[in-house]
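*Asks:* Next input, structure requested:
(2 chains, ligands or ions: 1)
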Amino acid sequence: MPEREITFREAVREALREALRADERVFLLGQDIGIYGGAFAVTLGLIEEFGRARVIDTPISEAAMIGAGAGAALVGSRPVVEIQFSDFIGIGMDQLVNQAAKIRFMFGGKATVPMVLRAPIGCGTGAAAQHSQSQEAWYAHVPGLKVVMPATAYDAKGLLHASLLDDNPVLFFEHKLLYPMKSAVPDKPYTVPLGKAKIRRSGRDVTLLAYALQTVKCLQAADLLADQGIDAEVLDLRTLRPLDTEAIAESIKRTHKAVVVYEAPRTGGFGAEIAAFIGEELFDELDAPVMRLGGLDMPVPYNPNLEQALVPQPDTIAGAVKKLLNRR
Amino acid sequence: MLSVENKLDMLRKMLLIRHFEEQAEELYMEGKVFGTFHLYVGEEAVAVGACAALQPDDYITSTHRGHGHCIAKGADVKKMMAEIMAKDTGYCHGVGGSMHIADVEQGNLGANGVVGGGIPIAMGAALGCKLQKNGKVVLGFFGDGASNTGNFHEAINMAAILKVPVVFICENNHYAMSNPVKNALAIADISERSGAYGIPGVTVDGNDVLAVYEVVAESVERARQGKGPTLIEAKTYRFKGHSKSDKNVYRTKEEIESWKARCPIKRFKGYLAENDGVPVKKLEDIESQVEQDIAEAIVFGLESPEPTLEEARKMVYA
Ligand SMILES: Cc1ncc(C[n+]2csc(CCOP(=O)(O)OP(=O)(O)O)c2C)c(N)n1
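*Replies:* Predicted structure coming up:
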């Protein structure tokens, strides 16, 4: 029997449904997540099954929502807070960064904050500068937070289950353009461990390191490069914190060249962290400097052509790889 | 006191908003407008009544549902149309789009994609005006949903203690996306919240453009005299969905129809005919002129060039 294929959106919903069924400590909190089904229709139908006590529609109060997640987690619940667009996490930044992230540490390890904060991230929908950002580096910078960025429906479900079982605050970012994409997904609960990268395509000539939507773009770029006789490996990092440095090292030892590809503005982005790691730990393995291919250092423009040009696309990624290979 | 000419100009602006929105929706269906946008249809009386109480050089801050505020404050529909079509001739050179239209020259300090994001800006702009002693007033528009954000409470409190010349105007259209106001606040009237900050609060029929004008004019006067902020709540309704992806499952047809029957434009036309004896022909002429203006704006937008990445780059830093 062929494996069942479902969308990324359905996979997230399925993980939530399974978790709500399996563990009565789990509840959802967010704006319009009830009858409306969430701004991206992820929670559609859940209020019908679990009721208003466990699928809670909140006012527009991001600081209170994130704080509510932290507070409920602190007393033994396992909240999943949905922020409608990752851009608005900023409003609850103090609750996330100064409270949720640090509580365990500050309390000498005597408390846990097992909350999952889900949010759509990324550009490509014409929603302009305040609804399209990729701010994963902000959060990956904060000790105490975990950052998960799946690229496939299979991983979305498995990583969300793993996040729900984790005893730390986890940021679970869903790239908006991934929602309709399908992959084979088991209809039983399963986990994909946090901190494990995955080789999506193996190759000998160069490693493309990516996460979320850029994994898909890198695979398309690898196809373009294959047509030109270049064999690119695509490593999907899947989580930024914890980061699978072992998988990165193994891949670099095979290909000796690396391009880190991400959608956020290039300067100060998470790609710099990966590049620095490779530079420090794998210098002797490198045949060329590590290259970062990030988004342009610009807020996301509304104009659709400029929006496309802002972030790495398959042809720009392929172009960057060729430039790197031609260096020597 | 408003002259008949003033009132006819108010009607013209209400019609301009209505036709702009309806055409924008069609252009979206045709793929000529992108992303998402939020229609103001049904709420025209609030923006127009409120802005009519301002001097041309006073300021406003707007919301994600900002087209109406923009037009009411005197924006050029050509540049608005070009903006939502992502063209270089638009208010923000096509990089801002519907949710970020600003028209600083006419005193519009910007729409806002972040719910509640404009409220502290309104307070701050009023503080600037007060410090500069320029006699200007700021009108901050926001929704019922925005009144639950920390930004609202912090900004109003600060405005009250600093006594800055700002009028907070809450457009209570009864829903924040799908969330009915009764599920998001435990009080009946948002204006009640003014008591917590020691400022006056008024609730007004937001579908009655003249009633909105009256209360805003009074509050603007108060602000101009240095007596500080007022919180106004205008009760109204949006006829259309929250945004382009809304299936409207959270409200009934009957409810929507009952509010459509209270259409602020129909009502104002009726008032003008009855009270001011404006001939129906005159009202029709205004409407056809408006239709023509919008048609021209569409052509302007369609024929305009797109911005380049180089130009966009220049906008990141001053
Ligand atoms: C801080 C923030 N949270 C959530 C959203 C998503 N969102 C956009 S509009 C909206 C509803 C706003 O309701 P209200 O303030 O009443 O204004 P209305 O849409 O009714 O005009 C929501 C939840 C947002 N843009 N900003």
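*Asks:* where along the stretch 101-250 of chain B do the strands fall?
*Replies:* Taking DSSP state E, counting those that start in this stretch to define them, one finds strands in the stretch 101-250 of chain B at B:138-143, B:166-172, B:175-176, B:179-180, B:201-205, B:230-235.
*Asks:* Select, out of the ones you listed, the one closest to the ligand.
*Replies:* When the strands of the stretch 101-250 of chain B are compared by Cβ to the nearest ligand atom, strand B:138-143 sits nearest the ligand, at 2.3 Å. In this view, the C-beta of every residue, glycine as well, is placed from N, C-alpha and C.
*Asks:* Name the residues that touch the closest one?
*Replies:* Under the criterion Cβ atoms under 8 Å, 6 or more residues apart in numbering or on different chains, residues B:46-47, B:50-51, B:54, B:58-63, B:65-66, B:69, B:109, B:115-116, B:118-119, B:121-123, B:125-126, B:129, B:152, B:155, B:164-173, B:176, B:216, B:220 lie in contact with strand B:138-143.
*Asks:* among the residues you listed, which are within reach of chain A?
*Replies:* B:Val115, B:Gly116, B:Ala176 (Cβ under 8 Å from any Cβ of the partner chain).
*Asks:* pLDDT wise, what is the first one at?
*Replies:* The model reports B:Val115 with a pLDDT of 98.
*Asks:* Point out where the chain drops to low pLDDT.
*Replies:* Reading this off chain A. Counting by pLDDT under 70, chain A contains low-confidence ranges at A:1-2, A:328.
*Asks:* Start from the N-terminal end of it and give the strands.
*Replies:* A:5-7, A:26-30, A:55-57, A:78-82, A:116-121, A:146-148, A:170-175, A:182-184, A:198-201, A:206-210, A:232-236, A:239-241, A:258-265, A:291-295 (DSSP state E).
*Asks:* what about the second one and the ligand, any contact?
*Replies:* Spelled out, that is strand A:26-30. No: applying Cβ under 6 Å from any ligand atom, one finds strand A:26-30 out of contact with the ligand, separated by at least 9.8 Å.
*Asks:* Strand A:116-121 and that strand, what's the angle between them?
*Replies:* In terms of direction (axes from the mean of the first three to the mean of the last three Cα atoms, to 10 degrees), strand A:26-30 departs from strand A:116-121 by 40 degrees.
*Asks:* so what does strand A:26-30 touch, helix or strand wise?
*Replies:* With contacts taken as 3 or more Cβ pairs under 8 Å, 6 or more residues apart in numbering or on different chains; DSSP states H and E, strand A:26-30 sits against helix A:8-22, strand A:55-57, helix A:62-74, strand A:78-82.
*Asks:* Which of these has the highest mean neighbour count?
*Replies:* Of the helices and strands packed on strand A:26-30, the one with the most neighbours on average (mean count of other Cβ atoms under 10 Å in any protein chain shown) is strand A:78-82, at a mean of 26.
*Asks:* ok, now which ones touch the residue positioned nearest the centre of chain A?
*Replies:* Centroid-nearest residue in chain A, with Cα atoms, centre = their mean: A:Met149, separated by 1.4 Å. Shown in contact with A:Met149 (Cβ under 8 Å, 6+ apart): A:Ile121, A:Glu136, A:Phe173, A:His175, A:Tyr211, A:Ala212, A:Leu237, A:Arg238, A:Thr239, A:Leu240.
*Asks:* Pipe these into a markdown table and attach distance to A:Gly158 and neighbour count per row.
*Replies:* Formatted as a markdown table, the contacts of A:Met149 follow (distance: Cβ to Cβ, whole Å; neighbours: other Cβ atoms under 10 Å in any protein chain shown):
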| residue | distance to A:Gly158 | neighbour count |
| --- | --- | --- |
| A:Ile121 | 19 | 25 |
| A:Glu136 | 19 | 25 |
| A:Phe173 | 15 | 23 |
| A:His175 | 17 | 26 |
| A:Tyr211 | 15 | 28 |
| A:Ala212 | 15 | 28 |
| A:Leu237 | 15 | 25 |
| A:Arg238 | 10 | 26 |
| A:Thr239 | 12 | 26 |
| A:Leu240 | 17 | 26 |
